[in-house]
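Asks: give the three-dimensional model of this entry:
(chains A and B)
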Amino acid sequence: EAQVTQNPRYLITVTGKKLTVTCSQNMNHEYMSWYRQDPGLGLRQIYYSMNVEVTDKGDVPEGYKVSRKEKRNFPLILESPSPNQTSLYFCASSLSVGAMKTQYFGPGTRLLVL
Amino acid sequence: QKEVEQNSGPLSVPEGAIASLNCTYSDRVSQSFFWYRQYSGKSPELIMSIYSNGDKEDGRFTAQLNKASQYVSLLIRDSQPSDSATYLCAVNIDGKEGSTLGRLYFGRGTQLTVWP
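Replies: Below is the predicted model:
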């Protein structure tokens, strides 16, 4: 089954404790992206990657890091989480940036930073 | 100026009516336009994409694009209670310094309720 998986789905952590949210897709997609969704602010893009070893900033990259060492995985790293990073996070992928009409979203990761 | 603006809603229509959702975007070289539906607690799912001026129809959904007016809309005909969700407009905008082809901007969404 074609899918985007995220882990963990729910996470409660404390300020400053490094964490990684994993994202994996099994569709051999080139393009992957991370978003955060906050009430009243909608979906905002954090980082995206157009291919292996190619990443770029989205709208709200501050406080986040990403890496794309292999095609299927695109982890989101919070080196020192802060309460303002409490949010719902979505990973998404599509065959290419030109094929965004087939962008698939993962199920989401709900993060609470205390 | 925000990149993508949607009518804030919430929008409430009776079953069988036409629901009209609107979206405007900022003055950039915009490439692609998308409408996503998001049920409460779920991830967004793409329902329509449109790339050139005019109308594009898919079942009960029609997307309309007017690049001169920087306007994209979604019409849902014969609305059903199962259409009750938040609808997100997204625009792939280019034209900033450097390549930004991978950037996707979302509006804040319009919550639609279809009552029986």
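Asks: is chain A contacted by stretch B:66-79?
Replies: No. Against chain A, stretch B:66-79 shows no contacts by Cβ under 8 Å from any Cβ of the partner chain, the least distance being 13.9 Å. In this view, the C-beta of every residue, glycine as well, is placed from N, C-alpha and C.
Asks: which residues touch residue 112?
Replies: In the absence of a named chain, chain A is used. A:Leu112 makes contacts with A:Leu11, A:Ile12, A:Thr13, A:Thr86, as judged by Cβ atoms under 8 Å, 6 or more residues apart in numbering or on different chains.
Asks: that was the other one, I meant chain B.
Replies: B:9-13, B:19, B:21, B:76, B:79, B:83-87.
Asks: flag every residue of chain A that's near chain B.
Replies: A:31, A:33, A:35, A:40-45, A:48-50, A:56, A:58-59, A:90, A:97-98, A:100-103, A:105-108.
Asks: go again with 7 Å.
Replies: A:31, A:33, A:40-43, A:45, A:48, A:50, A:56, A:58, A:90, A:97, A:100-101, A:103, A:105-108 (Cβ under 7 Å from any Cβ of the partner chain).
Asks: in what helix or strand does the spatially most central residue of chain B lie?
Replies: Centre of chain B computed as the mean C-alpha position; nearest residue by Cα atoms, centre = their mean is B:Cys89, 3.2 Å away. Element membership for B:Cys89, per DSSP states H and E: strand B:85-94.
Asks: centre of the chain versus the helix or strand just after that strand, how much separation?
Replies: Going down the chain from strand B:85-94, the next helix or strand is strand B:105-106, by DSSP H and E. Chain-centre distance of strand B:105-106: 10 Å, with Cα atoms, centre = their mean, to the nearest Å.
Asks: could you list every residue that touches B:Gly107?
Replies: By Cβ atoms under 7 Å, 6 or more residues apart in numbering or on different chains, the contact set of B:Gly107 is A:Gly42, B:Val4, B:Glu5, B:Gln6, B:Cys23, B:Leu88, B:Cys89.
Asks: tell me, how many residues neighbour the nearest residue to it once chain neighbours are set aside?
Replies: Counting by Cβ to Cβ, 6 or more residues apart in numbering or on different chains, B:Gly107 lies nearest to B:Gln6, which is 3.7 Å off, once chain neighbours are set aside. By other Cβ atoms under 10 Å in any protein chain shown, the residues close to B:Gln6 number 23.
Asks: B:Gln6 against B:Gln111, yeah?
Replies: No. Look at B:Gln6 against B:Gln111 with Cβ atoms under 7 Å: they stay out of range, at 10.2 Å.
Asks: how far away is the residue most central in space within chain A from B:Ser82?
Replies: Central residue of chain A (Cα atoms, centre = their mean): A:Trp34, 3.0 Å from the mean position. Distance of A:Trp34 to B:Ser82, given as Cβ to Cβ, to the nearest Å: 29 Å.
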